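1. mind folding the following:
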Amino acid sequence: MDGRIARLLRAESKFGAELDSLSDNIAFGTAPALILFLWSLQYAPKFGWTASLALAVCCALRLARFNARLDAAEVPCSRVASVRDIFDDAQVHARGNILELASPLGGLLQMVGVVPRLSATPGEVRHAGPLEVGADNEEIYCGRLGLSREELAALAAKNVV
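-> All right, here's what the predicted structure looks like:
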């Protein structure tokens, strides 16, 4: 929830990411270790605290190692944008990634274009899609993929398409 609030307020930072990792360690390492102790290991206190502490420490070390590897490899990772974030993002609009296409129901439909847009093979969206599932099957399977109508009918009979 803390990450969602930070994204909502557009208040993301390296400090916030580290704080989020600390929160993850408490939620997925320390809390389960404490529950394990209270649930079954409290009757053997020395062993129980040792085992629970080992679990919490191992979880913290694993998370730290994971974060360090991401940083060392310079992995460009960030939050995953919601649909609303994508449509509200000025950069997405500036790059022309929001398309307006004629809707099969009438009017215009806004949708995200092909991302990433590669220079040699940029991709394209020709239409917003048919009203019925399978309406373009003949064009795709027979026209573009070279199947005969009989082969397409055989696939349809087997519920493949």
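2. number of residues surrounding Glu139?
-> Using other Cβ atoms under 10 Å, the number of residues around Glu139 comes to 10. No exception for glycine: its C-beta is placed from N, CA and C like everyone else's.
3. how about Met111?
-> When neighbours are defined as other Cβ under 10 Å, Met111 has 14 of them.
4. what do you get for Ser52?
-> Neighbours around Ser52, by other Cβ under 10 Å: 20.
5. show me what contacts it?
-> Ser52 is in contact with 33-34, 36-37, 41, counting by Cβ atoms under 8 Å, 6 or more residues apart in numbering.
6. any weak-confidence spans in the protein?
-> By pLDDT under 70, the low-scoring segments of the chain are 1-12.
7. how about the helices in it?
-> 2-8, 14-25, 31-36, 45-72, 83-88, 90-94, 137, 149-157 (DSSP state H).
8. do you know which of those lies nearest Arg117?
-> helix 90-94 (11.4 Å; Cβ to Cβ).
9. contacts for that closest one, please.
-> In contact with helix 90-94 (Cβ under 8 Å, 6+ apart) are residues 86, 98, 112.
10. can you list the domains in this structure?
-> Structurally, the chain divides into domains by automatic domain parsing as follows: 2-72, 81-127, 130-161.
11. need the winner for burial among those domains.
-> domain 2-72 (a mean of 13; mean count of other Cβ atoms under 10 Å).
12. next, the contact list for the nearest residue to Ala156 once chain neighbours are set aside, please.
-> In this structure, Ala156 finds its nearest non-sequential neighbour in Asn137, 7.8 Å apart by Cβ to Cβ, 6 or more residues apart in numbering. By Cβ under 8 Å, 6+ apart, Asn137 lies in contact with 152, 156, 161.
13. one more pass at 10 Å, please.
-> 130, 147, 152, 155-156, 161 (Cβ atoms under 10 Å, 6 or more residues apart in numbering).
14. against Ser52, how distant is Ser23?
-> 19 Å (Cβ to Cβ, to the nearest Å).
15. a markdown table please, covering the helices of the chain and showing distance to Ser103.
-> Listed next are the helices of the chain as a markdown table, based on distance: least, Cβ to Cβ, whole Å:
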| stretch | distance to Ser103 |
| --- | --- |
| helix 2-8 | 30 |
| helix 14-25 | 40 |
| helix 31-36 | 48 |
| helix 45-72 | 41 |
| helix 83-88 | 16 |
| helix 90-94 | 20 |
| helix 137 | 21 |
| helix 149-157 | 27 |
